[in-house]
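Visitor: Need a 3D model of the following:
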Amino acid sequence: MRPFSHFLAIDWSGAKGERHKGIALALADAQGGPPVLVEGKRGWSRGEVFAILRDALPPDTLVGLDLGIALPSADCGAYFPGWTGTPPDAPALWALIDAIAADEPNLAANSVVAHPAIRPYFRDGSETGARFGCDDAAHGRGRFRVTEHAQAAMGCKPYSNFNLVGAAQVGKSSLTGMRMLHRLRGHLPVWPVDPLLDTGSAIVEIYTSLAACEAGRSAGRTKMRSYEALNEALAALDSPEIEATGPIDDHATDALLAAAWLRAVADNPRRWNPPGLTPAIARTEGWTFGAV
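Guide: Coordinates of the predicted model:
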């Protein structure tokens, strides 16, 4: 596989407001050393992260975004089956979401799930939409992409991107992230929606729980809130440890471990060629890097 010089992991947030304690950035150098946090002046805003990705990345950086880069499509034959406005692929989905939410600051996407044609496909805090499942009746945990089934087969516990309820939901962060991905078109390729180029930086979707599981944490213990726990996981990835002790925010540990994990697995061809990834899936649903 082609080499990268840096590995940037981003723990993302879909929360309301301008600045978010749930956003954390960590950078690992291909030459070695422990991963390091990239500190914001007053925490991070989504707009500031967007500006870094567009204009200020180190050369040849592999960026891992902890969010869903698309919605399920293969299961029902469309993102929004039964709606004539459903987009044909991920770039068109990103464009639609950004257009609907164009008037919202901070890359927010609340108007997307309030859209009368789209709302029935989501579950939020007040109701479960009639199209939350593939049929007319909502069911269970909602719809999943092919890559999320692969995550589950590896021992993870993925959530549907159509689910907006609960602390572990990823729907809100995914929608805000899709707005950013649309605005990065022409600046950074997003694998596997776009082909991986021989040079330059690129974005992949990551799942920080997958990195934690591969570092020896169980699916129910993926969150780490001490340097001691983080360093134990880093050691399992053959990464140098961080010289610190005591408590640390779990968003920071997610990003730090994921950066080290990206560095550890990015040269493995199998990670770039999972058996369930077809050209059609790549263009519509995308894939979680590392899920095989």
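
Visitor: and this structure, what are its domains?
Guide: Here the domain assignment for the chain is 6-69+183-272, 90-182, based on automatic domain parsing.

Visitor: Name every strand pairing with the helix or strand bottoming out on mean pLDDT in the chain and say which way it goes.
Guide: Least confident helix or strand, the chain: strand 19-20 with a mean of 87, by mean pLDDT, DSSP states H and E. On the basis of DSSP bridges, the sheet neighbours of strand 19-20 come out as strand 44-45 (antiparallel).

Visitor: Not counting the partner strand itself, show me its contacts.
Guide: Among residues not part of strand 44-45, those counted as contacts by Cβ atoms under 8 Å, 6 or more residues apart in numbering are Glu18, Arg19, His20, Ile23, Ala24, Leu25, Asn106. C-beta coordinates here come from the backbone N, C-alpha and C atoms, glycine included.

Visitor: mind putting these in JSON lines, neighbour count and distance to Gly155 included?
Guide: Shown next, in JSON lines, are the contacts of strand 44-45 (neighbours: other Cβ atoms under 10 Å; distance: Cβ to Cβ, whole Å):
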{"residue": "Glu18", "neighbour count": "14", "distance to Gly155": "36"}
{"residue": "Arg19", "neighbour count": "17", "distance to Gly155": "34"}
{"residue": "His20", "neighbour count": "23", "distance to Gly155": "29"}
{"residue": "Ile23", "neighbour count": "22", "distance to Gly155": "27"}
{"residue": "Ala24", "neighbour count": "28", "distance to Gly155": "24"}
{"residue": "Leu25", "neighbour count": "24", "distance to Gly155": "27"}
{"residue": "Asn106", "neighbour count": "16", "distance to Gly155": "35"}
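
Visitor: Which one among those sits at the bottom for pLDDT?
Guide: Least confident entry in these, by pLDDT: Glu18, with 82.

Visitor: In contact with Pro105: list those residues for me.
Guide: When the contact criterion is Cβ under 8 Å, 6+ apart, the partners of Pro105 are Glu18.

Visitor: Relative to Gly47, how far out is it?
Guide: Remark: distance between Pro105 and Gly47 (Cβ to Cβ, to the nearest Å) = 8 Å.

Visitor: Likewise for Glu241?
Guide: Spatial separation of Glu241 from Gly47 under the definition Cβ to Cβ is 33 Å.

Visitor: Please identify the buried residues of stretch 120-128?
Guide: Buried positions in stretch 120-128, judged by neighbour count with 16 or more other Cβ atoms under 10 Å: Pro120, Tyr121, Phe122, Arg123, Asp124, Thr128.

Visitor: ok, the residues you listed vs Arg183, which is closest?
Guide: Ranking the buried residues of stretch 120-128 by separation from Arg183, with Cβ to Cβ as the measure, puts Phe122 on top at 22.5 Å.

Visitor: quick one, what contacts that closest one?
Guide: Here Phe122 is in contact with Val113, Gly129, Phe132, Phe162, Asn163, Leu164, Gly171 (criterion: Cβ under 8 Å, 6+ apart).

Visitor: Most neighbours of all those, which one?
Guide: Neighbour counts for the contacts of Phe122 peak at Phe162, which has 28 neighbours (criterion: other Cβ atoms under 10 Å).

Visitor: ok, that residue touching Arg123?
Guide: Yes. When contacts are counted by Cβ atoms under 8 Å, Phe162 is listed as touching Arg123 (6.6 Å).

Visitor: Residues that sit against both of those two, list them.
Guide: Counting by Cβ under 8 Å, 6+ apart, the common neighbours of Phe162 and Arg123 are Phe132, Gly142.
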